[in-house]
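In: just to be clear, the model below is a prediction. Sequence and coordinates:
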Amino acid sequence: MNELTFAKIDQTVLDTLKPPDRSYWLTVGILFAGALAGAACWIYQILTGIGVAGMNNPVGWGTYLINFVFWVGIAHSGTLISAILHLLRAGWRNPIARAAETMTVFAVCIAGLFPFIHLGRVWLVFYMLPIPNQRNLWQNFQSPLMFDVVAISTYLTVSSLFWYTGMLPDLAIVRDRATGIRKKIFTVISLGWTGAHEQWRHYARGYLFFAALATPLVISVHSVVSWDFALAVVPGWHTTIFAPYFVAGAIHSGLAMVLTLMIPIRKLFHYEEIITVKVLESVAKTIIFTGLIVGFAYGTEFFIAWYSQNPVEMAIFKYRPTGDFALGFWIMVVCNTIIPLLFFFKKIRTTIPWLFVISICVNIGMWYERFVIIISSVSRDFIPHAWGLYSPTMIEFGIMLGAFCLFFFFFLLFVKHLPSVSMTEMKETVEQGAGHGD
Amino acid sequence: MGTEYRVMGLFTDENRAVSAIEAIKDSPWPLRRVHSPVPSHKISDALRLKKSKVGYFTLAGGIAGFFAGFLLAAFTASQWNLVVSGKPVIALVPFFIVGFEFTILFAVFGNVAGLIHQMQLPEFTGLEEYDPRCSGEHFGILAACKADELEGLKAFFQTRGGEINIFSEKQEHQ
C-alpha cells in the first residue's frame, strides 16, 4: 500500500484497458449468446402469451417479480458504497466504488426489464407513463406500483448521472494517455476536463450534492419496492417492517455481489495492491452487519405473527418453514444469516476463496428470500379452496438466465473499455495519507 | 499589440505547487490557471477560492421537483375524481412520496445543469494550453508573461523545482 504512487495507480488501471485476448471475447460471446437465448424466450412469450410462464391463480407474481426485486437489491450497494460511504469518509470504499456504481447502473437496467416482461402485453407499457392520450386515461399515483415506476426511473437516471460525473476526471486521464480513435472518443466523452482549479471547485461541491441526494434516494427506492407488497392486504406482506427489512436485504445482497464481481477482477487485472484484502475484509464485516439485520427481520416477522394472534398471519409463518416451499425458506435462512456469520472469524474473512464462496451463498440466499416472500404468501391466501402451488417454467428460467448473462456481459464490456477503479479517488486516498484498508 | 507567452510550471509535489502559487501572486506575472490531478484543499486555500454556487441550482431543482411531482399526482387523480377505499382524491401521503422522488430527480438535474453551467463544459479549447501530465501526477501552474519576461518566469518555476512547458504565444489585444 505504501508503495502506491499516482503513476502506479494510473498504470495499473490503464493496463486493464489494453486490447483483450481471445478468451475475453470468447467469454463475452458466450454471455451474449445467453442474453440472446433469454431474449428468444421473451419473444416466444410475447408471441404465445403470458401463459407460457408458470404464473396462474393464485400465484400471479412469479420469477419475473422475484428477479425484479433481486436486481433492484443488487443495485443498492453501489449507491451505499459510492454515496453513503463517501459521506462517511470511509477510505476503503475508494478502490471498489467505481465497480459498485457500474454494477448499480447495470442492475437497475436489468431490474427495469422485468416489469416489462411481467406485463405480458409489453406494448401497453405506456399505460404506466403520465402522458396525454386519446382516452384520457391517467395513472393513479395512490398505487405503490406507480410509486415504483417513479422511483426506479429516478434511481436509474440519478445513478447513471452520478456514475458518469464521477468518471469524468478518469476519462480525461485515459484521453491523455490514449492515441488514435480511442483518444478522439475519450476527448469527446471527457467533455474537455482539464482538472483546472475552477473545475475542481464546482466538481467537488456537485459530487457532494450527488452523494447527499443519492443517500435518501437509495433508501426510498427499496422502501417503495417493499410497499408493492406491504400495501397489499396479503398475509406475510402487510407489515410495517418491510421497508427497513428490504433496504437491509438489498444492501446485504449488493455487498455480496460486489465481492462476487471484485474478487475475479482483482485477480485478472492484478489489482491486488489497490483492492487489498483489507478492503474485501471491510466488505465482509459490513455483510455481517447487514446479515444480522436481515436475521433480526426474519425473527421479527415470526414474532409479530405470533404476537398478533392473527390466525391467517400465524398460518403463513408456519407454512413458510414447513410447507411446500420450505426448502427455499431454509436456503434463505442458512445462506443469508448463518453462513455470513463465518465472517466473524478473521481467517475466513481474509481468505479469498472463502470470501468468494460465501458471497455466492448470500446471492443465492437473497434470491430465495424474494422467492419465499412473494410465492409463499400468494399461494396460501385467506381462502383455503383458492390455495395453489407455483413452479417456474423453462421460459422463465431462460429469461432469468438471459438476465444474468446480460448483466455479466455489460459488466465485462465495462471493465475492458472504461476505468474500473477510480484513479482520481485512489490518488486522493494516497494524497491524504488515508488508508484504504491497510 | 504585444506577444503574450503562457508558461506552465509543473510540480510533482503539492506543497511546492502551493508555495509557487503563493509566490506568483506577489509577482508581476498574472496567474491564469492551476491544474491538478486531484481536488486540493491546499490549492483552493492558496487561490482563496469562493464556495461554488452549484448548490443554488440543486436547491432550485429540488423545490421545482417537489411541486412538479406532487402536482402531477394531484392532476392525474383529479382526472378521475373517484373516491377509492374512502381515500381523498388529492391524497397527501401517497402524493408526498411522488413529490419526494421528483425532488431528488429534479435536484440532480439542477445539480448537473449547475455543473455544466459553472464549469462551462463541454469546453475543448482549454486543451490547447494544457499539459497531459496534469491528469497524471503533476500540478500545473499556468502564468502569462511578455516576451522579455519569459526567461524570468521560466527561472521562477525552475528555482522552485518545477518543470517548464511553454505554449505557443498568443497575440494580446491592447
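Out: Perfect, I can see it now.

In: where does the chain dip in pLDDT?
Out: Using chain A here. Low-confidence segments of chain A (pLDDT under 70): A:1-2, A:433-438.

In: sorry, I should have been clearer: chain B.
Out: Looking at chain B by pLDDT under 70, you get B:1-2, B:168-174.

In: now the strands for it?
Out: Secondary structure of chain B (DSSP state E): strands located at B:2-11, B:31-35, B:139-146, B:163-172.

In: right, so of those, which gets closest to chain A?
Out: Distances from chain A to each of the strands of chain B were compared using CB to the nearest CB; the shortest belongs to strand B:31-35, at 4.4 Å. Where you see a C-beta, it was placed from the backbone N, CA and C, and this is true even at glycine.

In: give me the residues contacting the closest one.
Out: Where contact means CB atoms under 8 Å, 6 or more residues apart in numbering or on different chains, the residues beyond strand B:31-35 that reach it are A:194-198, B:6, B:8, B:17, B:21, B:24-25, B:43, B:47, B:129-131, B:134, B:138-144.

In: hey, where'd the helices end up in the stretch 51-200 of chain A?
Out: Using DSSP state H, counting those that start in this stretch, the helices of the stretch 51-200 of chain A run over A:63-79, A:85-87, A:94-119, A:144-177, A:180-189, A:197-230.

In: do the same with chain B
Out: The residue ranges that make up the helices of chain B, judged by DSSP state H, are B:14-25, B:41-47, B:54-80, B:92-119, B:150-159.

In: same for the second one, what does it pack against?
Out: It refers to helix B:41-47. Secondary-structure packing of helix B:41-47 (3 or more CB pairs under 8 Å, 6 or more residues apart in numbering or on different chains; DSSP states H and E): helix A:197-230, helix B:14-25.

In: distance from that helix to the middle of the chain?
Out: Distance of helix B:41-47 from its chain centroid, counting by CA atoms, centre = their mean, to the nearest Å, is 14 Å.

In: export that helix as CSV, just CAs?
Out: C-alpha atoms of helix B:41-47 as CSV (Å, rounded to 0.1, in the frame of the first residue of the first chain):
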residue,chain,number,x,y,z
HIS,B,41,-7.8,22.0,-0.3
LYS,B,42,-4.3,23.5,-0.1
ILE,B,43,-4.6,24.9,-3.6
SER,B,44,-8.1,26.1,-3.0
ASP,B,45,-6.9,27.9,0.1
ALA,B,46,-3.9,29.4,-1.7
LEU,B,47,-6.1,30.7,-4.5
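
In: dump the helices of chain B to a markdown table, plus mean neighbour count and distance to A:Asn336.
Out: Putting the helices of chain B into a markdown table (neighbours: other CB atoms under 10 Å in any protein chain shown; distance: least, CB to CB, whole Å) gives the following:
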| stretch | mean neighbour count | distance to A:Asn336 |
| --- | --- | --- |
| helix B:14-25 | 18 | 46 |
| helix B:41-47 | 17 | 42 |
| helix B:54-80 | 19 | 34 |
| helix B:92-119 | 22 | 28 |
| helix B:150-159 | 16 | 59 |
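
In: give the contact list for the residue nearest in space to the middle of chain B.
Out: Most central residue of chain B, judged by C-alpha distance to the mean C-alpha position with CA atoms, centre = their mean, is B:Met119 at 4.0 Å. The contact partners of B:Met119, by CB under 8 Å, 6+ apart, come to A:Glu198, A:Gln199, A:His202, A:Tyr203.

In: any idea how far it is from B:Glu163?
Out: To B:Glu163, B:Met119 is 27 Å away according to CB to CB, to the nearest Å.

In: neighbours of A:Asn136, how many?
Out: Here the number of neighbours of A:Asn136 (other CB atoms under 10 Å in any protein chain shown) works out to 8.

In: from A:Met394, how far off is it?
Out: As for A:Asn136, its distance to A:Met394 is 41 Å (criterion: CB to CB).

In: rewinding a little: of the helices of chain B, which is nearest A:Thr260?
Out: Minimum separation from A:Thr260 across the helices of chain B (CB to CB) falls at helix B:92-119, 28.7 Å.

In: and the closest residue to B:Phe124 other than its chain neighbours, what are its phi and psi?
Out: Closest residue in space to B:Phe124, ignoring its immediate chain neighbours: A:Gly192 at 4.4 Å, by CB to CB, 6 or more residues apart in numbering or on different chains. Here the main-chain torsion angles of A:Gly192 (degrees, to the nearest 10) amount to phi 80, psi 20.

In: verify the stated contact: A:Gly192 with B:Gly126.
Out: Yes: between A:Gly192 and B:Gly126 there is a contact at 5.7 Å, judged by CB atoms under 8 Å.

In: sorry, back to before: can you list the helices and strands packed on helix B:41-47 in CSV and add distance to A:Ser143?
Out: As requested, those are exported to CSV (distance: least, CB to CB, whole Å):
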stretch, distance to A:Ser143
helix A:197-230, 9
helix B:14-25, 54
